[in-house]
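Peer 1: Just need the structure, nothing else, for what follows:
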Amino acid sequence: MEAVIPSIARRKPMIPYDREAYRQRNLIERMFARLKDFRRIATRYDKLARNFLAGMLLAAAITWSSIESGP
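Peer 2: Next up, the predicted model:
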């Protein structure tokens, strides 16, 4: 395994990490956090995979459009 998260500043032997992988990981984590704001996604009410996927895509589109338009 390769370290992706940077070590804290007070650590003596600093562990090297990949900055680009950290940025990509952070983007994915923040997107999942935003998707979990939708109750239907967080609790998985839908029993069928196609309905759950449709809800995920709808939530992702809403999230993406709110990011693009800005606050």
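
Peer 1: So L27: helix, strand or coil?
Peer 2: Of the three states, L27 takes helix under DSSP: H, G, I helix; E, B strand; the rest coil.

Peer 1: Look at it and say how many residues are nearby.
Peer 2: L27 has 10 neighbours, counted by other Cβ atoms under 10 Å. Yep, even glycine has a C-beta here, placed from its N, CA and C like the rest.

Peer 1: For P71, report the pLDDT, please.
Peer 2: For P71, the pLDDT comes out at 56.

Peer 1: Relative to A33, how far out is M56?
Peer 2: Distance from M56 to A33, counting by Cβ to Cβ, to the nearest Å: 14 Å.

Peer 1: who has more neighbours, those two?
Peer 2: Remark: of M56 and A33, M56 carries more neighbours, 16 against 9, as counted by other Cβ under 10 Å.

Peer 1: secondary structure element for the more buried one?
Peer 2: For M56, the host element (DSSP states H and E) is helix 49-69.

Peer 1: how does the protein divide into domains?
Peer 2: Following automatic domain parsing, the chain resolves into domains at 1-35, 39-71.

Peer 1: any weak-confidence spans in this structure?
Peer 2: Along the chain, segments meeting pLDDT under 70 span 1-3, 68-71.

Peer 1: Can you pull up the most central residue in it?
Peer 2: E29 (2.6 Å; Cα atoms, centre = their mean).

Peer 1: Which residues are in contact with that one?
Peer 2: Residues near E29 by Cβ atoms under 8 Å, 6 or more residues apart in numbering: none.

Peer 1: Now do the same contact list for R25.
Peer 2: V4, I5.

Peer 1: try V4
Peer 2: By Cβ under 8 Å, 6+ apart, the contact list for V4 reads Y17, D18, A21, Y22, R25.

Peer 1: Contact partners for the residue of the chain most remote from its centre?
Peer 2: Relative to the C-alpha centroid of the chain, counting by Cα atoms, centre = their mean, K12 is the outermost residue, at 30.3 Å. Residues near K12 by Cβ under 8 Å, 6+ apart: none.

Peer 1: What helix or strand is it located in?
Peer 2: Using DSSP H and E, no helix or strand contains K12.
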